[in-house]
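Novice: Test case, fold it:
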Amino acid sequence: MLANYLKLAWRNLLKSKGFSFINISGLAIGMAVAMMIGLWIYDELTFNHFHKNHDRLAQLWIHQQFNENIGSGQAMSIPVANALRTDFSADFKNVSLGSWNFEHLLTYGDKKILNEGMYAEPMLPGMLMLDMKTGSLENALKDPGSILLSETLAKTLFGDEDPMNKVIRVDQKADALVTGVFRDLPYNSTFFPVKFYLPWSLYLTQEPWIRNSQEQWGNHSFQIFAEMADNAGMAQVSGKIVNVEKDHNKDGNPQLFLHPMDKWHLYSNFKDGKNIGGRIQFVWLFGIIGVFVLLLACINFMNLSTARSEKRAKEVGVRKTVGSLRKHLVGQFLTESILVAALALILSVGLVRLALPWFNELADKQIKIPFTNPVFILLALGFALITGLLAGSYPAFYLSSFRPIKILKGVFRTGRWAALPRKILVVVQFTVSIVLIIGTMIVFNQIQYAKNRPVGYDREGLLQFNVSTGLYGKYDVLRDDLLKTGAVYEMSQSSSPTTGIWSNQIGFDWEGKDPNTLPLFGIVACSHDFGKSVGWEVLQGRDFSRDFATDTAAFILNEA
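Specialist: Sure thing, here's the model as predicted:
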């Protein structure tokens, strides 16, 4: 029976090549859009799942209250890590300090490469379960003069040479011995940008301010990662550590909590101490858009199929006259729609493959179609089956309901309600299309506003880049040389980019200040020429100037 259905379905498709092409291509485009959105959603939902123990890893975060506002962030102090190891050793398998990711200058022979890396305690690579190509996780960062490289970085530095036990110069200040090479992390890992790890002990010897921070509870300049003990529940332990810092530093009423790795990517927005979501909102939004796009394609298929009802009506009448039951006709039409969906699926996969490079660039992803994954194959087949059933259900039941006597007399649907289903489908199709178009226009206008809105400085021609530690102490020489070229109007340095503030500080006092308030100020340390470089407007007072020696201790407040 099924073979006969397929044979008839294939024959009908070949008989109406133009109609079949329009139907298949229309459905394929809708399926391709839905598939790309589905691949993006899967990539988002599986973020950090490469790390096998992702459900046991967390990062320490802190809530702090300033006046009536509660701020949340992951910047922590060093003593917190020591307290967790000492007072909660039964709850944590590992606790590791880590620096922020920054670019460092790596030198080997005549090769000099800027790459992003971080300092970390020896247990962090093992906590992340890095896939080692050479070396061992246990010993990779134990020595103060060691370095752990990614496979790509090792290839870039050493080519076909064996990188093990080779010496690399770091930031022109210290030598590091390669003790391990790990295979590259996938793009959907928080640690993907980190191409090398340096030992925390080296960090302490290089930076005096870090050594001085080891007992400072209020110096929130570091990251802390934790791996839960096998019998410890993350939520319960998070409740136990709330007051660890508050017992030593009461400024801002600090409250610690564990932020699970599974929530880093999608649930990292906090407001007044409450998690309000994050990128998960985009996952829901694009999921809904994908469903609506596929629904539009299915409705288009239904309308095209029912529009040809008159041509298929005589076929239905003859088959019913010779004894075909309605269920057989329904089966025939559903088989035909499923075959169309299957062909559309094949075409949509081709379209997705063509569009993925552009889509990856747009979405900042490295998504690939997982052809070797049996789960994907099953989902794709199920996708085609459901789409075929959804798209073919109305035409199948509509066409199979024709009465043979009326059909053979040339009379089809009659009555005031005969055309109602098709009218409803058309209205739904146009409504969804209009909603999507309006939504696209709104998003486009928001993006244009974000790009062009006044930001308090002149963005035209303004370049910003991170300076490696190898250039520390050479800024004035670099600035003078660049200004002499005539291509650079002005140049300055600052502790934060113009798009964000990396440092916050409390403890300010002034005449008339309410003693009960505890304001938090965002601080940007900058050189004298910063205002001239960014083109800000000074409303009161004056800009920084090299003509005033006291300006090294001066500050400028923003209008707010």
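Novice: and the gap between residue 70 and residue 514?
Specialist: Separation of residue 70 from residue 514 (C-beta to C-beta, to the nearest Å): 19 Å. Placement of C-beta: from N, CA and C, glycine included.
Novice: of the two, who's got more company?
Specialist: Shown here are residue 70 and residue 514; by other C-beta atoms under 10 Å, residue 70 has more neighbours (17 against 8).
Novice: Please report how far that one lies from residue 218.
Specialist: 17 Å.
Novice: Ok, residue 544 next?
Specialist: From residue 544 over to residue 218 (counting by C-beta to C-beta), the distance is 28 Å.
Novice: who has more neighbours, the two?
Specialist: Legend: neighbour count by other C-beta under 10 Å for residue 544 and residue 218, higher for residue 544 (20 against 17).
Novice: Do I have it right that the more buried one meets residue 525?
Specialist: No. Assessed by C-beta atoms under 8 Å, residue 544 is found out of contact with residue 525, at 11.4 Å.
Novice: For residue 94, list each beta-bridge partner.
Specialist: On the basis of DSSP bridges, residue 94 is bridged to residue 227.
Novice: Report the contact partners of it.
Specialist: If a contact means C-beta atoms under 8 Å, 6 or more residues apart in numbering, then residue 94 has 123, 126, 127, 226, 227 as its contacts.
Novice: swap the cut-off to 10 Å and go again
Specialist: Contact analysis of residue 94 by C-beta atoms under 10 Å, 6 or more residues apart in numbering lists 56-57, 85, 121-124, 126-127, 225-229.
Novice: Just among the residues you listed, which is most surrounded?
Specialist: Most crowded among the contacts of residue 94, counting by other C-beta under 10 Å, is residue 226 at 29 neighbours.
Novice: And the pLDDT at that one?
Specialist: Residue 226 is assigned a predicted lDDT (pLDDT) of 97.
Novice: what's the answer for residue 4, then?
Specialist: As predicted, residue 4 sits at a pLDDT of 66.
Novice: Next: residue 294.
Specialist: At residue 294, the pLDDT recorded in the model is 88.
Novice: count of residues packed around it?
Specialist: Neighbours around residue 294, by other C-beta under 10 Å: 23.
Novice: what do you get for residue 48?
Specialist: Neighbours of residue 48 using other C-beta under 10 Å come to 23.
Novice: swap in residue 246?
Specialist: Around residue 246 there are 17 other residues, counting by other C-beta under 10 Å.
Novice: Does it lie in a helix or a strand, and which?
Specialist: Using DSSP states H and E, residue 246 sits within no helix or strand.
Novice: who's in contact with it?
Specialist: Counting by C-beta under 10 Å, 6+ apart, residue 246 makes contact with 62, 64, 217, 252, 253, 254, 255, 256.
Novice: and the residues you listed, which are buried?
Specialist: By neighbour count, with 16 or more other C-beta atoms under 10 Å, these hold 62, 64, 217, 252, 254, 255, 256 as buried.
Novice: Follow the chain on from the helix or strand hosting the second one and name the next helix or strand.
Specialist: Following DSSP H and E, one finds residue 64 within strand 57-66. The element immediately downstream of strand 57-66 (helix or strand, assigned by DSSP H and E) is strand 69-73.
Novice: tell me which residues in that next one are buried?
Specialist: So, applying 16+ other C-beta under 10 Å, buried residues of strand 69-73: 70, 71, 72.
Novice: Please render these as JSON lines that adds pLDDT and distance to residue 504 to the earlier fields.
Specialist: Converted to JSON lines, the buried residues of strand 69-73 look like this (pLDDT from 0 to 100; distance: C-beta to C-beta, whole Å):
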{"residue": "70", "pLDDT": "84", "distance to residue 504": "13"}
{"residue": "71", "pLDDT": "84", "distance to residue 504": "8"}
{"residue": "72", "pLDDT": "89", "distance to residue 504": "12"}
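Novice: So which of those is the closest to residue 453?
Specialist: Checking the buried residues of strand 69-73 against residue 453 with C-beta to C-beta, the nearest one is residue 71 at 24.2 Å.
Novice: Quick check: that closest one vs residue 271, distance?
Specialist: Distance, residue 71 to residue 271, by C-beta to C-beta: 10 Å.
Novice: Next: residue 31.
Specialist: In terms of C-beta to C-beta, residue 31 sits 38 Å off from residue 271.
Novice: cool, and residue 175?
Specialist: For residue 175 relative to residue 271 (C-beta to C-beta), the value is 46 Å.
Novice: Have a look at residue 31 and residue 271 and say which one is more surrounded.
Specialist: residue 31 (28 against 12).
Novice: and the closest residue to the more buried one other than its chain neighbours, what does it touch?
Specialist: Excluding the flanking residues, the one nearest residue 31 by C-beta to C-beta, 6 or more residues apart in numbering is residue 348, at 3.9 Å. By C-beta under 10 Å, 6+ apart, residue 348 lies in contact with 24-25, 27-36, 297, 341, 380, 383-384, 387.
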